[in-house]
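**Q** model this:
(one chain, ligands or ions: 1)
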Amino acid sequence: MMDWTDRHCRFFHRQLTRHTLLYTEMVVADAAIHGDRERLLGFDDAEHPVALQLGGSDPDKLAEVTRIVADFGYDEVNLNVGCPSDRVQSGTFGACLMRTPDLVARCVEAMKAAAPASLPVTVKCRIGVDDQDPEQALFGLVRQVVDAGADAIWVHARKAWLEGLSPKENRDIPPLDYDIVYRLKADYPDHFIGINGGIHELDQAHAHRAHVDGVMMGRAAYHNPGLLAQADRVMFAETATAPDLADVVGIMADYVDRHVRAGGKAHHVTRHMVGLFHGVAGARQWRQTLSTRGVLAGADGDVLRDALRNVMQAGQAAA
Ligand SMILES: Cc1cc2nc3c(=O)[nH]c(=O)nc-3n(C[C@H](O)[C@H](O)[C@H](O)COP(=O)(O)O)c2cc1C
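**A** This is a model prediction of the structure:
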């Protein structure tokens, strides 16, 4: 998620769940070709399995970046056909591509041709934009990209209204239509079809799995990362005990120390962890400590160690 997630966030989430697939925020193809690749694409081996999401609509450039992404060792490359921001529309990629399924298919074809057999090429789309009929827009796009070789389709189960709504409003206001995604899956029994949009709890996610192959969670996973600690058990039938949040904090404190020693700031990492104890006694103190002490010059992993101590004490006091 652009402006929210980054490699530090993914490293943190990976401590909570082994089996989920983590996605990068969208990286624009031109930036990956001309920009600082290590900063844009670099990731820690511990993040696997991790998918890189690309924004673009030039088949040749997307093919070039797919080769680069393969060299970096990503587990999947995903094309964004769902982002509604103006910045993205002016570059002719994101959700406005719902109007040009032929072009999306050519992009997928070029990416598939460039990708090694081990690297799936996937698409994330909306059910349509503006006045499009979703039955035609979604089913039409999916038919073409599947024919072009797409290995999986993720559907954010609402339209994007490109005229008049902000990107934020476009994540909430156009009504959700899960049923159309279920019907898409029924039409593609042999293809991976995943659903996204407005799924806040793991029991909801589990219920969707009766109809589709995968469930993608965005905001809920970011704001309430503690739920990821249950994801392996609920979604992947993992039988090992869920990770202990205190152990995760210990690992992250050491990670912050390494990041600070390498010249980074504690806040780069701790900002992703503010919601970890959501709904638990001591959550407020945890949030406060991270947002006040985490941003101070010289902050290191001790911010997390001290904040954890406060949460444990609050938990004992509440018991
Ligand atoms: C701050 C923010 C940034 C986002 N950036 C991306 C992005 O880079 N690529 C993408 O496919 N979706 C992006 N999204 C959309 C989410 O992936 C997701 O489709 C949307 O939030 C609906 O799912 P949710 O209800 O589980 O959050 C972003 C969402 C937010 C809140």
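**Q** so who does the residue in the chain positioned nearest to the ligand touch?
**A** Residue nearest to the ligand within the chain (C-beta to the nearest ligand atom): Gly218, separated by 2.8 Å. For glycine as for every other residue, the C-beta is placed from the backbone atoms N, C-alpha and C. By C-beta atoms under 8 Å, 6 or more residues apart in numbering, the contact list for Gly218 reads 1, 196.
**Q** what's His48 sitting at in phi/psi?
**A** With angles defined as degrees, to the nearest 10, His48 shows backbone torsions of phi -50, psi 150.
**Q** contacting residues around the closest residue to it other than its chain neighbours?
**A** Spatial nearest neighbour of His48, chain neighbours left out: Asp75 (6.2 Å); criterion: C-beta to C-beta, 6 or more residues apart in numbering. For Asp75, the set of contacting residues under the criterion of C-beta under 8 Å, 6+ apart consists of 21, 48-51, 119-120.
**Q** Look up how far Glu25 lies from the residue of the chain closest to the ligand.
**A** When distances are taken as C-beta to C-beta, to the nearest Å, Gly218 and Glu25 turn out to be 11 Å apart.
**Q** Find residues that contact each of these two.
**A** With C-beta under 8 Å, 6+ apart applied, the overlap between the contact sets of Gly218 and Glu25 consists of Met1.
**Q** Write out the residues of the stretch 1-150 of the chain neighbouring the ligand.
**A** By the rule C-beta under 6 Å from any ligand atom, the part of the stretch 1-150 of the chain lying against the ligand is 1-4, 25-26, 53, 80, 82-83, 124.
**Q** which of those are buried?
**A** Buried by 16 or more other C-beta atoms under 10 Å: 1-2, 25-26, 53, 80, 82-83, 124, out of those.
**Q** Just the ones of these in helices?
**A** Judged by DSSP state H, helices contain none of these.
**Q** Out of the residues you listed, name the ones that lie in strands.
**A** The subset of these located in strands under the criterion DSSP state E comprises 25-26, 53, 80, 124.
**Q** now those residues in CSV, with pLDDT?
**A** Below are those laid out as CSV (pLDDT from 0 to 100):
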residue, pLDDT
Glu25, 97
Met26, 96
Gln53, 98
Asn80, 97
Lys124, 98
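**Q** from those, which is closest to Pro175?
**A** For Pro175, the closest of these turns out to be Lys124, at 19.0 Å, with distances computed as C-beta to C-beta.
**Q** Now the helix or strand Met111 falls within: buried residues?
**A** If you go by DSSP states H and E, Met111 is part of helix 101-114. Of the residues in helix 101-114, those buried by neighbour count under the rule 16+ other C-beta under 10 Å are 101, 103-112, 114.
**Q** how about the CA coordinates for it, as PDB?
**A** Extracted in PDB, the C-alpha atoms of helix 101-114 (Å, rounded to 0.1, in the frame of the first residue of the first chain):
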ATOM      1  CA  PRO A 101      -8.400  -4.800 -21.700                       C
ATOM      2  CA  ASP A 102      -6.400  -5.500 -24.900                       C
ATOM      3  CA  LEU A 103      -3.600  -3.300 -23.700                       C
ATOM      4  CA  VAL A 104      -3.600  -5.100 -20.300                       C
ATOM      5  CA  ALA A 105      -3.500  -8.400 -22.100                       C
ATOM      6  CA  ARG A 106      -0.500  -7.300 -24.100                       C
ATOM      7  CA  CYS A 107       1.200  -6.200 -20.900                       C
ATOM      8  CA  VAL A 108       0.600  -9.600 -19.300                       C
ATOM      9  CA  GLU A 109       1.800 -11.400 -22.400                       C
ATOM     10  CA  ALA A 110       5.000  -9.400 -22.500                       C
ATOM     11  CA  MET A 111       5.600 -10.000 -18.800                       C
ATOM     12  CA  LYS A 112       4.900 -13.700 -19.100                       C
ATOM     13  CA  ALA A 113       7.400 -13.900 -22.000                       C
ATOM     14  CA  ALA A 114      10.000 -12.200 -19.900                       C
END
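**Q** Show me the contact partners of that helix.
**A** With C-beta under 8 Å, 6+ apart as the test, helix 101-114 has contacts from 56-60, 62-64, 66-67, 70, 77, 79, 81, 97, 121, 123, 140-141, 144-145, 147-150.
**Q** hmm, try it at 7 Å
**A** Counting by C-beta atoms under 7 Å, 6 or more residues apart in numbering, the neighbours of helix 101-114 from elsewhere in the structure are 57, 59-60, 62-63, 66-67, 77, 79, 81, 97, 121, 123, 140-141, 144-145, 147-150.
**Q** Also stretch 194-206?
**A** With C-beta under 7 Å, 6+ apart as the test, stretch 194-206 has contacts from 152, 154-158, 176, 178, 181, 208, 212-218, 220, 227, 230-231, 234-235.
**Q** Would you map the strands across the stretch 201-319 of the chain?
**A** For the stretch 201-319 of the chain, the strands defined by DSSP state E, counting those that start in this stretch cover 214-216.
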